[in-house]
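Asks: just need the structure, nothing else, for what follows:
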Amino acid sequence: MTSPRRRLLLNTLRTGALLLGLAATGLASAQPKPIRLLVGFPAGGGTDAIARTLAEKLKDELGTSVVVENKPGAGGQIAAQTLKAGPADGTVLFLTHDHSISILPQVVKNAGFDPARDFIPVVGIATFVNAFAVSGGTPAKSFSEYVAWVKAAGGGKGAVGIPAPASTPEFLVKLVGGKFGIDLVSAPYRGSAPMMADMLGNQIGAGVASIPDFIENHKAGKVRVVAVLGKARQAAMPDVPTFDELGLKGFEDLPYYGIYAPTGTPQKFVTDFSNAVAKVIAMPEVRDHLTAMGLTVGHMSPTQFAAREKAYTAAWTKIIKDTGFVAQ
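Replies: As a prediction, the model looks like this:
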């Protein structure tokens, strides 16, 4: 091959390689960034299980990976602060229940975030109820038997595990004890998973948390859910009475699960993500799985979810005030 032809061939090859490189770079830059889905509780709890169920399906709907990132501690406060500090570009979101958004800012003097200012509701996933469960080491098969056991074996005093201090379960423990004439003291944990571990080990006789936190061990007979909040019995455990039936009324406003983004996140992303979640929770296998966990599954648009949060927060503002609790 002559020298001019060789130079022409080499130049052609170099140009082709350069174009391929630029094309590859363009494709890489066009790929959506992974989405970090923050969870404020340890792996193994109900919130974590919900997040991982959604993340697995959302990657197909969104065309990008959704990575669950556990930031446990302080009842979701650490995760909420992480969300506030995160970029408002759709790459960081926060899946949580009512405690982190509606309760925590009321019971902590400086939570480090203001949901109304720092977050925007993206999508509501479900409502649920909190439940009162006893460990396998207690003889109680019903709530009335638990009350009788505390009076007989504990001299009227009993410790009840809760997933976080100054949480809805803590206020429920106080209200339940007062209603039924027993001195119940809350024992706070860093999430439902360590609380459940102590209940399974019979280190504590009872606990209050959401149905998703209890349901697997309840079905396995390792703990016994003896009462649930709300006016209606739950489809996942129809034999368990409500506290309304037992005489403790006024807890009809149900807590929620949903996803938040930092304020300033583009509206198009919020709408697209909300629509993607709607498709995912409508899938029979996802809906059945979440329902079996004790959730009442239902998509809430950003506007609907904001209204749900506002109503629940208002209801619990009154309850917390009536207990005389002072923010710490």
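Asks: mean confidence for the one helix or strand residue 286 maps to?
Replies: Residue 286 is part of helix 284-292, with elements assigned from DSSP states H and E. The pLDDT scores in helix 284-292 average 95.
Asks: how far off centre is that helix?
Replies: 16 Å (Cα atoms, centre = their mean, to the nearest Å).
Asks: quick one: contacts of the helix or strand following it?
Replies: On the C-terminal side of helix 284-292, the nearest following helix or strand under DSSP H and E is strand 296-300. For strand 296-300, contacts defined as Cβ atoms under 8 Å, 6 or more residues apart in numbering pick out 123-128, 254, 256, 258, 274, 277-278, 281-282, 287, 290-291, 308. Using the backbone N, CA and C atoms, a C-beta is placed for each residue, glycine as well.
Asks: what helices and strands are in contact with the helix holding residue 286?
Replies: When contacts are defined as 3 or more Cβ pairs under 8 Å, 6 or more residues apart in numbering; DSSP states H and E, helix 284-292 packs onto helix 46-62, helix 267-282, strand 296-300.
Asks: buried sites along that helix?
Replies: 286-287, 289-290 (16 or more other Cβ atoms under 10 Å).
Asks: same list (the helices and strands packed on helix 284-292) but as a markdown table, adding distance to residue 191 and mean neighbour count.
Replies: What follows is these, written out as a markdown table (distance: least, Cβ to Cβ, whole Å; neighbours: other Cβ atoms under 10 Å):
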| stretch | distance to residue 191 | mean neighbour count |
| --- | --- | --- |
| helix 46-62 | 8 | 20 |
| helix 267-282 | 24 | 17 |
| strand 296-300 | 22 | 19 |
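Asks: nearest to residue 79, of those?
Replies: helix 46-62 (9.8 Å; Cβ to Cβ).
Asks: tell me the angle that closest one makes with helix 267-282.
Replies: 110 degrees (axes from the mean of the first three to the mean of the last three Cα atoms, to 10 degrees).
Asks: so what's the gap between helix 46-62 and the chain middle?
Replies: The answer for helix 46-62 is 12 Å, by Cα atoms, centre = their mean.
Asks: ok, and what's touching the helix or strand just after it?
Replies: For helix 46-62, the succeeding helix or strand toward the C-terminus, using DSSP H and E, is strand 66-70. Applying Cβ under 8 Å, 6+ apart, the contact partners of strand 66-70 are 34-39, 41-43, 48, 51-52, 54-55, 58-59.
Asks: repeat the analysis, applying 7 Å as the threshold.
Replies: Contact with strand 66-70 is made by 34-39, 42-43, 48, 51-52, 55, 58-59, as judged by Cβ atoms under 7 Å, 6 or more residues apart in numbering.
Asks: perfect, I'm done here.
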